[in-house]
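Student: Here you go, sequence then predicted model.
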Amino acid sequence: MTAAENVCYTLINVSSDSEPPSEVSLKADLEKGEIKAKTEALKKVIIMILNGEKLPGLLMTIIRFVLPLQDHTIKKLLLVFWEIVPKTTTDGKLLQEMILVCDAYRKDLQHPNEFIRGSTLRFLCKLKESELLEPLMPAIRACLEHRHSYVRRNAVLAIYTIYRNFEHLIPDAPELIHDFLVNEKDASCKRNAFMMLIHADQDRALDYLSTCIDQVHTFGDILQLVIVELIYKVCHANPSERARFIRCIYNLLQSSSPAVKYEAAGTLVTLSSAPTAVKAAAQCYIDLIIKESDNNVKLIVLDRLIELKEHPTHERVLQDLVMDILRVLSTPDLEVRKKTLHLALDLVSSRNVEELVIVLKKEVIKTNNVTEHEDTDKYRQLLVRTLHSCSVRFPDMAGNVIPVLMEFLSDTNEAAAADVLEFVREAIQRFDNLRPLIIEKMLEVFHAIKTVKIYRGALWILGEYCSTKDDIQSVMTEVRRSLGEIPIVENEIKKETGEMKPDDEVSAAPAQKLVTEMGTYVTQSALSSSRPSKKEEDRPPLRGFLMDGDFYVAASLATTLTKVALRYVAIVQDKRKQNSFVAEAMLIMVTVLHLGKSSLPKKPITDDDVDRISLCLKVLSECSPLMNDIFNKECRRSLSHMLTVRLEEEKLSQKKESEKRNVTVQADDPISFMQLTAKNEMASKEDQFQLSLLAAMGNTQRKEAADPLASKLNKVTQLTGFSDPVYAEAYVHVNQYDIVLDVLVVNQTSDTLQNCTLELATLGDLKLVEKPSPLTLAPHDFANIKANVKVASTENGIIFGNIVYDVSGAASDRNCVVLSDIHIDIMDYIQPASCTDAEFRQMWAEFEWENKVTVNTNITDLNEYLQHILKSTNMKCLTPEKALSGFCGFMAANLYARSIFGEDALANVSVEKPIHLGPDAPVNGHIRIRAKSQGMALSLGDKINLSQKKSNV
C-alpha cells in the first residue's frame, strides 16, 4: 500500500462549489440543534474530514452531544464518521476519547434493534485498531446467538476479519464458527461461516462438508457456490481427494441456480478429463445457453464450449452433441447464432453431417417465412455459408442442399443470393454428377432473379455448363423471354408513342405462356395497383436492366450467347439449324448495341461494353477453332485453378489450426503423474478462480512476468529530468477500456514538500476519471500516485500535465514542474482480424475517411517490407500467400484489423521495386488506409509513418 493510496471503504460525493462552514457554527449545531440540524452538521463534518481538515476540537462535542442519540440516521452517519476520523495521536497511541466511543459501541452490540446491531458489526470489520476491538469481543461472540439472521451473518464476518487481522483477539475462531455452522439453519449465515472456514481452517471446512455431502443439492445457491470453490481448491492442491468430491460436483450440475451449474461444469472439466465428465459439463453449458435470456451470458458460456473443443480428446465427445448445440439457433441474436454455427461446423463429422444439414435446411426455409427483421438477411447468409462449407467437406451432401438454396437466387437481398451463387458455381465445377440438377433448377429460377449482379452470375453459369442441345435451346428461350420483343428500340418507341398496347405485345411474343408467367411475376411489385408506372412494370427483367443503363450485363449476355452458340454448332450437324441459332444470337447482340447507342436508356453504353459485344459478334461470324478453345475451355480452366488454390488455402489454415491445438510431446519428455506430484509443485499450476479474479480486475501481471520482453520496464515513461527538484516517471498499464498511470514521484530536495499534486490533462478521446489527491513528501522521500484514464475510441491520445507543490516554511508562490507528454499507442487497441473479399470491398466502398501514406523506407525487399508493416500495425494480410509469392517488381496486398471498440481498419499496400535504380534501391509506393472514423485513419497513418524505416539494431 503506497502513501498516496489510503484504504477507503465508504465513498461520499462532495459538492465542490459549496462554501465550507466554520468550526464554531458546526459546534453550535452539534450541541444545541434539533435532530435535523445535528444530522446536517455531522454530514458537513464528515465531508470536511474527507477533504483533509483535521477538526480535533469537534471530537469531544460529538461524543457528548451526538453519540448518545438513538436516531437511526445519526447512528449510520456516526459509523462513517468513526471510520474516517483519526483515532491515534501523532506518536501512534490511541486517543483517550476513543474509550468512550468503544463503550458506546459495546452498548450498540447489545441493542434490541437488529439493524443497529448488524450495522455496528459491519463497521467493526473496517476497524484496524486492536485496542478498540479487544473490549468488544464478548459482545461480538454473543451476537452469534442472536435470534435474527442479519445480526448472526454480520457477526460471522466481523469474527472472520478480526481473526484475519488480529488472531490473538480470538484464537478459537475456527472452532467457534464450525460449531456455529453445524447448528445454523439460515443459508446466508451458513455461507459466510463456510467461507470463513475455507480461508481460515480448510480442514474443518472439509470435515463439515463430509458430514453433509449428500445434502449439498438441498442447500441454497450462495452456499453451493462456496462449496464448488472449496472442492476446486482442495482437488487442485491435493489430486488424491478428487474421487471423494467428484460425485458432489456431478450433483451440483443439476442445481436450480444457473451460476452454480456454470461453476460446477467449469470445475468438473478441470478435475476430470473422462468423456462422461466432459459430456455432462458440455450438456450443462448447452442447457444454460438455451435457458438463459441474457445474450452476454449466452456468449460467455459459448466461449467455454469453444474452449472445451480446443482440447483434442474433448472434441470427440462434443461431436456427439452437435445436434444439442444447434438448439441454440433458436436465439434471435445474430452474434450468438454466428458463434454457434462456427462451433457446429468445427465439430461436424461424417457421422453427424446429414443431421446437421437437415437442421440447417429447416432454418434456411424458416428465414424465408419470417417477417423481415434487420438480422434475418445476415442470418440467411450465415446459413448459406455454413451449408456451403458442409458441402465442400462432404460432397455427398451437396445434392440435398442445392435445390433448397437455389430458391434464394431470386431473393431481394443481394448478399445472400451472391453467396448462393458462389456456392452453386463451386458445386457445378466440382461435382459433375450434379450438373444436370443444377442446370434444371437454374433455368427454373432464372426468370425470377431480381438483382443485376446475380443475373450476370447466373448467365455465366448457364453459358459455361449447358452442354446438351435441349439445355442450350432452353437458355436461348429464357434470354428471349427476359429481353421481350426485339428489336428493342422499335418496340420501346412504339410503346412510348402508344401505337402498341401491352396486350398486343403479349400476343406478338414467340411463347405466349412464358410471357404470361413473366407478366404475373412483374406485377407482384408493391406498385402494381398504381397505373402510371405500367410501362416499367411490363418490362421483362433483362430489358429493365438495359433501360436503366446497366450494359455490363449486356457484355456478360454476349459472352454467354457466344459460348452456347459455339457449343450448339459443335453438337448439331444440321447447317440450317446452326446458322439459324447463330443468327438469332447475333441479332440479340446487335439489338442490344443499337439500344445502347440510342437515347432511350438512362445511361449510354460504355466503350468497354461495345468492344466486348463487337468481339463476340466477330467470333460468331468467323467461328475459328482458336476462339472456340478460348471461350469454351480456358474460362473453365481458370475457374478450376482458382477453386483449387482456394481449397489448398483452406486446408493449410485448418492444418495450422489443428497443429496449434495438438500438443506435441517429445520422445524424451518427462511424464507427469498427478498422483505423484508434490504439493509444492502442484501450487505452480494456475488456480482458475484466481485467474478469473485477476482478469475481472484487469490485472494481467502473470502474462507480463512470463514474457521478459513485455516487462513493466519497457512501459515506463520518464516525465521529468534527473536534475528537477521533483523526479517523476510513469508506468502506463493499458487495460482494454482504461489506462492506469502508476506515477513514481521522488523528492530530490532537502525540504519537505507540502500539497504535492499531480495535475493531468488529456488530448484526444481520453477522459481523466478522478483527480489524484495531494500528498506531503519528506526530504528525499518518494511516493506512488495512481491515475485512471478512460478510453473511448481508437486514436492517438496524449496525456500531459505538471506537478505543483509548496515548500515547507517558504514564503514563495507554489512551485511547478512541467511533465513530458505521454503518448498512448493505438497498437494496444488494434487486433488482427479477417473478413471475406466481398466484405472488404463493401467496407472499402462505405468508409468515408481515407489516409494516403507515401512509402518512405530503407527496406529493399517487397515481401520484407510487407511483413514489417504487418508487425508494426498488428494488421492481418488478407491476400493469399500464393498471390504474393515470386518476384515481379511490384506487390499489392489488402490488410485488415479491428479495434477492441469494434472499429474496422482497412489498408491497401501498393508497392514496387524500382529495378532501374539497382538492387539496393528501397521500395516505393503508397499505402491507403480507410476507416469509419477520422481518428482511426489518421492514427494508423501516423503509426505507419513512424515505423516504416527498419532500425539497424
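Tutor: Great, that's in hand.
Student: Report pLDDT for residue 748.
Tutor: As predicted, residue 748 sits at a pLDDT of 90.
Student: For it, give me the backbone phi and psi.
Tutor: phi -100, psi 10 (degrees, to the nearest 10).
Student: again, but for residue 729
Tutor: Dihedral angles for residue 729 - degrees, to the nearest 10 - are phi -140, psi 150.
Student: same check, this time on residue 931
Tutor: Here is the backbone geometry of residue 931 (degrees, to the nearest 10): phi -150, psi 160.
Student: Please apply the same query to residue 817.
Tutor: Dihedral pair for residue 817: phi -120, psi 120, per degrees, to the nearest 10.
Student: Could you give the bridge partners of it?
Tutor: residue 803 (DSSP bridges).
Student: pretty sure it is touching residue 726, no?
Tutor: Yes - contact criterion C-beta atoms under 8 Å: residue 817 and residue 726 qualify, at 5.1 Å. All C-beta spots, glycine's among them, are computed from the backbone N, C-alpha and C.
Student: okay, and the common contacts of these two?
Tutor: 720, 803 (C-beta atoms under 8 Å, 6 or more residues apart in numbering).
Student: out of the two, which sits in the more crowded spot?
Tutor: residue 726 (24 against 18; other C-beta atoms under 10 Å).
Student: What are the phi and psi values at the more buried one?
Tutor: Main-chain torsions, residue 726, degrees, to the nearest 10: phi -120, psi 120.
Student: which residues does it contact?
Tutor: So residue 726 contacts 720, 745, 746, 747, 748, 753, 756, 777, 803, 805, 817 (C-beta under 8 Å, 6+ apart).
Student: Now, these that are in strands?
Tutor: Members of these lying in strands (criterion: DSSP state E): 745, 746, 747, 753, 756, 777, 803, 805, 817.
Student: which of those residues are buried?
Tutor: 745, 746, 747, 753, 756, 777, 803, 805, 817 (16 or more other C-beta atoms under 10 Å).
Student: Distance to residue 942 added to those, as TSV?
Tutor: Listed next are those as TSV, based on distance: C-beta to C-beta, whole Å:
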residue	distance to residue 942
745	30
746	33
747	37
753	38
756	34
777	37
803	28
805	35
817	28
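Student: Please verify my assumption that residue 281 contacts residue 269.
Tutor: Yes - with contact defined as C-beta under 8 Å, residue 281 counts as touching residue 269 (4.8 Å).
Student: So for those two, which sits in the more crowded spot?
Tutor: Comparing residue 281 with residue 269 by neighbour count (other C-beta under 10 Å), the higher total belongs to residue 281, at 28 against 23.
Student: Okay, and that one sits in which element?
Tutor: Following DSSP states H and E, the helix or strand that holds residue 281 is helix 275-291.
Student: Identify each buried residue in that helix, please.
Tutor: By neighbour count on 16+ other C-beta under 10 Å, the buried set for helix 275-291 is 277, 278, 280, 281, 282, 284, 285, 286, 287, 288, 289.
Student: and of those residues, the nearest to residue 221?
Tutor: residue 288 (13.9 Å; C-beta to C-beta).
Student: From residue 327, how far out is that closest one?
Tutor: To residue 327, residue 288 is 12 Å away according to C-beta to C-beta, to the nearest Å.
Student: list residues touching both of residue 281 and residue 269?
Tutor: With C-beta under 8 Å, 6+ apart, residue 281 and residue 269 have common neighbours residue 308.
Student: Report pLDDT for the nearest residue to residue 125 once chain neighbours are set aside.
Tutor: Nearest non-adjacent residue to residue 125, counting by C-beta to C-beta, 6 or more residues apart in numbering: residue 161, 4.4 Å away. Looking at residue 161, its pLDDT is 90.
Student: helices or strands up against the host helix or strand of residue 161?
Tutor: Residue 161 belongs to helix 149-165 when assigned by DSSP H and E. Helix 149-165 is packed against helix 114-124, helix 137-143, helix 173-183, helix 187-200, with contacts defined by 3 or more C-beta pairs under 8 Å, 6 or more residues apart in numbering; DSSP states H and E.
Student: redo that, cut-off 6 Å
Tutor: Applying 3 or more C-beta pairs under 6 Å, 6 or more residues apart in numbering; DSSP states H and E, we find helix 149-165 packed against helix 114-124, helix 137-143, helix 187-200.
Student: mind checking which of those helices is nearest residue 625?
Tutor: The closest of these to residue 625 is helix 187-200. By C-beta to C-beta, the value is 86.6 Å.
Student: Contact partners for residue 367?
Tutor: Shown in contact with residue 367 (C-beta atoms under 6 Å, 6 or more residues apart in numbering): 376, 380.
Student: now do 10 Å
Tutor: 373, 375-384, 408, 411, 413, 416 (C-beta atoms under 10 Å, 6 or more residues apart in numbering).
Student: Lowest-confidence entry in those?
Tutor: Among those, residue 373 has the lowest pLDDT, at 60.
Student: any chance of the helices and strands packed on helix 149-165 in CSV, with mean neighbour count and distance to residue 612 too?
Tutor: Converted to CSV, these look like this (neighbours: other C-beta atoms under 10 Å; distance: least, C-beta to C-beta, whole Å):
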stretch, mean neighbour count, distance to residue 612
helix 114-124, 21, 83
helix 137-143, 17, 92
helix 187-200, 22, 78
